[in-house]
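> sequence first, predicted coordinates after that:
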Amino acid sequence: MAFLEVRNVCKTYQMGEVTVEAVNRMDFDVEQGEFVVVVGPSGSGKTTLLNMIGGMDTVTSGTIVLDGSDVSAYSPREATLYRRYDIGFVFQFYNLVQNLNALENVELASQICKDPLPAAETLQAVGLGHRMENFPGQLSGGEQQRVAIARALAKNPKLLLCDEPTGALDYKTGKAILKLLQKTCYDSGKCVMVITHNAALEAIADRIIRIREGRVDAVELQESPMDADLLEW
Ligand code: ADP
Ligand code: MG
């Protein structure tokens, strides 16, 4: 059994008279420890897919099994615990609490977890040991995203889900964040999924999942993915 199994998953949204098929019979596996890039154009269903994997949205049909548990069958209460304990989230716009400093932002997440990593050490690991007392407004975009990554990692989750994590960053800062995510994956042995519209990011993936119009177009494995340092677009 694969670490993550997505089986025949559909998601439809009813908008008045119109039915939107955001995800249409998606099917793929992901193995433990992989750095996965889910790539597709805007509107192709990437965020919808990630929200279902992360327990933020329910499937219309199909199943999602993570580490042997059927996530798609969870009750709302079970989904809350799953989001809290099992999944780390990283978003495009960081979503930090503005009136808490970097350390407090990370502690906030680790406090609700069963087996958290020490907040200060996690911030050090993302290169922010010297900025722990700064508020989000005093940090650059790249630094704020590092805090968000530390916050996700401090939960010691089974899976790290990143939705366009470099979407709001300049080229150089974006590359540094990708390098951090790739390194995190390799050092921790945890599975990291990055979703993006930027096909250049395929080069750094162990597994590429190409999405088009709500469907999986292709899945590709790469024996020796590129170091994120060397990536260019
Ligand atoms: P992507 O992340 O690849 O840009 P999304 O998953 O956000 O794509 O969206 C896929 C499709 O589903 C789009 O057509 C979008 O408008 C639609 N969609 C997403 N979320 C909702 C929602 N809550 N209600 C209605 N339609 C939605
Ligand atoms: Mg999206």
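Nice, thanks for sending it over. Ligands and ions are numbered 1, 2, ... in the order given.

> quick one: the strands in this structure?
Along the chain, counting by DSSP state E, strands occupy 4-15, 18-30, 35-39, 61-66, 69-70, 87-90, 159-163, 191-196, 207-212, 215-221.

> so which bits of the chain are right by ligand 1?
For the chain, the residues in contact with ligand 1 (C-beta under 6 Å from any ligand atom) are 13, 15, 20, 22, 40, 42-48. Placement of C-beta: from N, CA and C, glycine included.

> from the centroid of this protein, which residue is nearest?
The C-alpha lying nearest the average C-alpha coordinate of the chain belongs to L161 (C-alpha atoms, centre = their mean; 1.5 Å).

> quick check: longest helix of this structure.
helix 171-188 (DSSP state H).

> what packs against it?
Applying 3 or more C-beta pairs under 8 Å, 6 or more residues apart in numbering; DSSP states H and E, we find helix 171-188 packed against strand 35-39, helix 141-154, strand 159-163, strand 191-196.

> and that helix with strand 159-163, angle?
In terms of direction (axes from the mean of the first three to the mean of the last three C-alpha atoms, to 10 degrees), helix 171-188 departs from strand 159-163 by 170 degrees.

> follow-up on the earlier one: quick check: the farthest pair among the residues of the chain next to ligand 1?
Maximum pairwise distance in the residues of the chain next to ligand 1, criterion C-beta to C-beta, is 21.0 Å, between M15 and G40.

> so between the two, which is more surrounded?
G40 (22 against 8; other C-beta atoms under 10 Å).

> my guess is the more buried one meets K46, correct?
Yes. Counting by C-beta atoms under 8 Å, G40 does reach K46; the two are 5.4 Å apart.

> re earlier: would you list the strands of the chain in CSV and tack on mean pLDDT and distance to V147?
Output for those, formatted as CSV (pLDDT from 0 to 100; distance: least, C-beta to C-beta, whole Å):
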stretch, mean pLDDT, distance to V147
strand 4-15, 97, 26
strand 18-30, 97, 26
strand 35-39, 98, 21
strand 61-66, 98, 26
strand 69-70, 98, 29
strand 87-90, 97, 10
strand 159-163, 98, 14
strand 191-196, 98, 17
strand 207-212, 98, 27
strand 215-221, 98, 32
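
> look up how far ligand 2 lies from C191.
Using C-beta to the ion, to the nearest Å, C191 is found at 20 Å from ligand 2.

> for burial, what's the neighbour tally of that residue?
Counted with other C-beta under 10 Å, residues neighbouring C191 total 24.

> next one: R146
24.

> residue contacts, it?
Residues near R146 by C-beta atoms under 8 Å, 6 or more residues apart in numbering: 123, 126-128, 177, 180.

> same thing with M52?
Going by C-beta under 8 Å, 6+ apart, M52 touches 9, 11, 23, 58-59, 64, 72.

> swap in 10 Å and give it another go.
If a contact means C-beta atoms under 10 Å, 6 or more residues apart in numbering, then M52 has 6, 9-11, 22-23, 26, 45, 58-60, 62, 64, 71-72 as its contacts.

> which of the residues you listed sits closest to Y82?
Nearest member of those to Y82, counting by C-beta to C-beta, is V71, at 6.4 Å.

> how about that closest one, nearest residue that isn't a chain neighbour?
Nearest non-adjacent residue to V71, counting by C-beta to C-beta, 6 or more residues apart in numbering: I64, 4.7 Å away.

> from I208, how far off is M1?
According to C-beta to C-beta, to the nearest Å, M1 stands 22 Å off from I208.
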